[in-house]
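>>> sequence first, predicted model second:
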Number of protein chains: 2
Amino acid sequence: MQNSEALGLTAALLAVAGELTQRIHDGVVARGFEGRPAYGFAFTRLAPDGATVTELARHLGVTKQGASQLVEELVAKGYVERRPHPRDARARLVVLTERGWACTRAAEEVAAEVVEGWSGALGGEAEVRALREQLARIAPYGPIRPAW
Amino acid sequence: MQNSEALGLTAALLAVAGELTQRIHDGVVARGFEGRPAYGFAFTRLAPDGATVTELARHLGVTKQGASQLVEELVAKGYVERRPHPRDARARLVVLTERGWACTRAAEEVAAEVVEGWSGALGGEAEVRALREQLARIAPYGPIRPAW
DNA sequence: AGAAGATGGTCAAGCAGCTTGACTATACCT
DNA sequence: AGGTATAGTCAAGCTGCTTGACCATCTTCT
């Protein structure tokens, strides 16, 4: 393995990931949802049954104070609401509102459009599926939020 | 194309990109270079012949003031130096120092190690090359710095 | 050549999004 | 019951970026 090979892969990976995030964000905004990419990362943890602030913090790789502030923003914009936790009176369950679900569906649609475009460059949908499977094999667990 | 397919690909892509950046950063730090991931994105533009602050700003997708502050940091830590531009007295050429090159080589080594590990998960180096080629096909030009 | 605008770079101030620190309320363990 | 761990919030501070203003130099037009 030559080092330059690894750097080329790194560059391509970051370029594609950045492009994808940017285009999903732009598309969601174009459909009338204001926000920033961090919202989407949060939504993937809040769907389908909600989560506590602490769980969300771990998912995003930030402190619980940081996650709490993000939730406050999401509440103010109507994407989520805080409910009492059914089993733990200390905790509060953060769940998506209908508008939050609509935003999530919009993000899915945009992602599907972008990936659709990749089918052309790669030769077909089978190649896209293969790409996803390869990436899934090397994907770690842990926080989804990119750390840079 | 189902939407969930696209979301799965998105999640895998971001997870892999985040993991890769994190591990390169950790590895570089472990080899005695202090910094943050943005340094690496800058180095890819400064190598091999240097660049102006404005060029760097475009590469990173930030304002020239932001790029200028980053360069100031890099100068303070000994990774780059500012030189007069050979053809334009307004501009200054930012070039890597020997320590900057050493840091770049360290990053290459770490990236190669990480990618080496992927060979096992994917089945071999041929699969890694195939992955890189597929990503290169859908990678955009434009700024490398992820925008979130 | 001279004037007018474009471009490279920096200084200064402001802000968003995160952090650390301190605190309260509730849960769990013995 | 008492002691410790955990969920969450409030407050203050910091980092890395932004916008705005400015000067020096290059380029273009007349």
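In hand now; what should we look at? If you're wondering where the values come from, they're calculated on a predicted model, not measured in any experiment. Numbering: from 1, shown residues only, chains lettered A, B, ... in the order given.
>>> what's the one helix or strand residue A:109 maps to packed up against?
Element membership for residue A:109 (DSSP states H and E) is helix A:98-122. Using 3 or more Cβ pairs under 8 Å, 6 or more residues apart in numbering or on different chains; DSSP states H and E, the elements in contact with helix A:98-122 are helix A:3-30, helix A:37-46, helix A:125-138, helix B:3-30, helix B:125-138. Using the backbone N, CA and C atoms, a C-beta is placed for each residue, glycine as well.
>>> so can I have CSV of the ones you listed showing distance to DNA strand D, mean neighbour count and mean pLDDT?
Below are these laid out as CSV (distance: least, Cβ to the nearest atom of the strand, whole Å; neighbours: other Cβ atoms under 10 Å in any protein chain shown; pLDDT from 0 to 100):
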stretch, distance to DNA strand D, mean neighbour count, mean pLDDT
helix A:3-30, 13, 20, 88
helix A:37-46, 12, 21, 94
helix A:125-138, 26, 17, 93
helix B:3-30, 12, 20, 88
helix B:125-138, 24, 18, 93
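>>> would you mind putting these into JSON lines with distance to DNA strand C alongside?
Shown next, in JSON lines, are the helices and strands packed on helix A:98-122 (distance: least, Cβ to the nearest atom of the strand, whole Å):
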{"stretch": "helix A:3-30", "distance to DNA strand C": "12"}
{"stretch": "helix A:37-46", "distance to DNA strand C": "5"}
{"stretch": "helix A:125-138", "distance to DNA strand C": "24"}
{"stretch": "helix B:3-30", "distance to DNA strand C": "13"}
{"stretch": "helix B:125-138", "distance to DNA strand C": "26"}
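>>> check which helix or strand residue A:70 maps to.
Using DSSP H and E, residue A:70 falls within helix A:64-76.
>>> can you give me the offset of that helix from its chain's centre?
The gap between where helix A:64-76 is centred and where its chain is centred comes out at 16 Å by Cα atoms, centre = their mean, to the nearest Å.
>>> which residues does that helix contact?
A:38-39, A:42, A:53-54, A:56-57, A:60, A:62, A:80-82, A:94, A:100 (Cβ atoms under 8 Å, 6 or more residues apart in numbering or on different chains).
>>> filter the residues you listed down to the buried ones.
Neighbour counting over these (16 or more other Cβ atoms under 10 Å in any protein chain shown) leaves A:38-39, A:42, A:53, A:56-57, A:60, A:62, A:80-82, A:94, A:100 as the buried ones.
>>> roughly how far does residue A:135 sit from residue A:12?
The gap separating residue A:135 from residue A:12 is 12 Å, by Cβ to Cβ, to the nearest Å.
>>> meant to ask about residue A:103, not that
The spacing between residue A:103 and residue A:12, counted by Cβ to Cβ, is 29 Å.
>>> distance of the residue most central in space within chain A from residue B:119?
The residue lying closest to the centre of chain A (Cα atoms, centre = their mean) is residue A:41, at 3.0 Å. Going from residue A:41 to residue B:119 by Cβ to Cβ gives 29 Å.
>>> cool, residue A:138 as well?
Taking Cβ to Cβ as the measure, residue A:138 falls 10 Å from residue B:119.
>>> about what we covered before: relative to helix A:3-30, how tilted is the helix holding residue A:109?
Computed by axes from the mean of the first three to the mean of the last three Cα atoms, to 10 degrees, the angle separating helix A:98-122 from helix A:3-30 equals 140 degrees.
>>> state the mean pLDDT of helix A:98-122.
On average, the pLDDT along helix A:98-122 is 95.
>>> so which bits of that helix are buried?
Under the neighbour-count criterion of 16+ other Cβ under 10 Å, helix A:98-122 has A:100-101, A:103-104, A:106-112, A:114-115, A:118-119, A:122 buried.
>>> am I right that residue A:48 is in a strand?
No - Residue A:48: not assigned to a strand; according to DSSP: H, G, I helix; E, B strand; the rest coil it is coil.
>>> re earlier: which pair of the contacts of helix A:64-76 spans the longest distance?
A:62 and A:81 (20.8 Å; Cβ to Cβ).
>>> correct me, but residue A:96 touches residue A:82?
No - Residue A:96 lies out of contact with residue A:82 (Cβ atoms under 8 Å); the separation is 11.7 Å.
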